[in-house]
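**Student:** What would the 3D arrangement of this be:
(2 chains)
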Amino acid sequence: DAGITQSPRHKVTETGTPVTLRCHQTENHRYMYWYRQDPGHGLRLIHYSYGVKDTDKGEVSDGYSVSRSKTEDFLLTLESATSSQTSVYFCAISGGSGANVLTFGAGSRLTVL
Amino acid sequence: QKEVEQDPGPLSVPEGAIVSLNCTYSNSAFQYFMWYRQYSRKGPELLMYTYSSGNKEDGRFTAQVDKSSKYISLFIRDSQPSDSATYLCAMSSMNSGYSTLTFGKGTMLLVSP
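**Tutor:** Have a look, this model is predicted:
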């Protein structure tokens, strides 16, 4: 998947537990994004980063936090997972210029019981 | 009104048919228009993108943008079972460094042998 690795690929957890999803890129792209994809809602942006330690909220950021301490890594944390956060999470990267075409990872499937 | 509207389908066609997938949008600032293909349990992958109005062809795929009508289309000629996937349209404005893509919810296409 074009130098993007998401981990874990599958996770089952219980309500109230913290969860961290990791996105690692080898493309040295400046921009990184976390989306969630749900039936009937499509892809929705959670948070994005435009550089190391530079992040901003997307349309569905409540209940999520992110961190980017290195260009290649972008972490998504659910401080206290809820069943409504059961979803497939996609990381994406882009160079940011022109069309700002995104390249997506393979996804992380999270189930919160 | 959603910024980007896309019929969710499913759209079922026989092998060899010409397929037309469409999106409408409301934001006149959009300048870049993209089509992503997503196979089941995979991340979206870019098929093609166009800038402003006009057509773009890539093999069996043709993307068409009509900015005056705020309407974009993806045509697939000689459709194959391997084209069965969900197709997502996406759009962005010119200042793409900080802007993000706006996605349609996707149309599921099923091509039967």
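**Student:** going forward, measure contacts between C-alpha atoms and count neighbours the same way
**Tutor:** Fine.
**Student:** any low-confidence regions in chain A?
**Tutor:** Applying pLDDT under 70 to chain A flags the ranges A:1-2, A:96, A:98-99.
**Student:** Residues of it that sit close to chain B?
**Tutor:** Within chain A, the residues that sit near chain B (Cα under 8 Å from any Cα of the partner chain) are A:40-43, A:50, A:90, A:96-107.
**Student:** Let's see the PyMOL selection covering just the buried ones among those residues.
**Tutor:** The buried residues among the residues of chain A next to chain B can be selected in PyMOL (16 or more other Cα atoms under 10 Å in any protein chain shown) with this line:
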select buried, chain A and resi 42+43+50+90+96+99+100+101+102+103+104+105+106+107
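**Student:** What about the residues of chain A next to chain B, which are in strands?
**Tutor:** A:Gly42, A:Leu43, A:Tyr50, A:Phe90, A:Thr103, A:Phe104 (DSSP state E).
**Student:** Could I get the contacting residues of the closest residue to the fourth one other than its chain neighbours?
**Tutor:** Of all residues not flanking A:Phe90 in the chain, A:Gly107 sits nearest, at 4.5 Å (Cα to Cα, 6 or more residues apart in numbering or on different chains). With contact set as Cα atoms under 8 Å, 6 or more residues apart in numbering or on different chains, A:Gly107 has these partners: A:Gln6, A:Arg9, A:Val88, A:Tyr89, A:Phe90, A:Cys91, B:Arg41, B:Lys42, B:Gly43.
**Student:** Just confirm A:Ser65 contacts A:Phe74, I think it does.
**Tutor:** No. If you go by Cα atoms under 8 Å, A:Ser65 and A:Phe74 don't touch, sitting 10.6 Å apart.
**Student:** Run a quick neighbour tally on residue 63.
**Tutor:** You didn't pick a chain, so chain A it is. By other Cα atoms under 10 Å in any protein chain shown, 13 other residues sit near A:Gly63.
**Student:** actually chain B
**Tutor:** The local packing of B:Ala63 (other Cα under 10 Å) involves 24 other residues.
**Student:** That one contacts B:Ser73, doesn't it?
**Tutor:** Yes. Look at B:Ala63 against B:Ser73 with Cα under 8 Å: they come within range, at 5.7 Å.
**Student:** Show me which pair in the ones in strands among the residues of chain A next to chain B is furthest apart.
**Tutor:** The most widely separated members of those are A:Gly42 and A:Tyr50, with 23.0 Å between them, by Cα to Cα.
**Student:** and B:Leu110, what is it in contact with?
**Tutor:** B:Leu110 touches B:Pro10, B:Leu11, B:Ser12, B:Val13, B:Pro81, B:Asp83, B:Ser84, B:Ala85, counting by Cα under 8 Å, 6+ apart.
**Student:** Sorry, wrong one. I was asking about A:Arg30.
**Tutor:** Contacts of A:Arg30 by Cα under 8 Å, 6+ apart are A:Ser49, A:Tyr50, A:Gly51, A:Thr71, A:Ile93, A:Ser94, A:Gly95, A:Gly96.
**Student:** what do you get for B:Thr62?
**Tutor:** The contact partners of B:Thr62, taken as Cα under 8 Å, 6+ apart, are B:Asn55, B:Lys56, B:Leu74, B:Phe75, B:Ile76.
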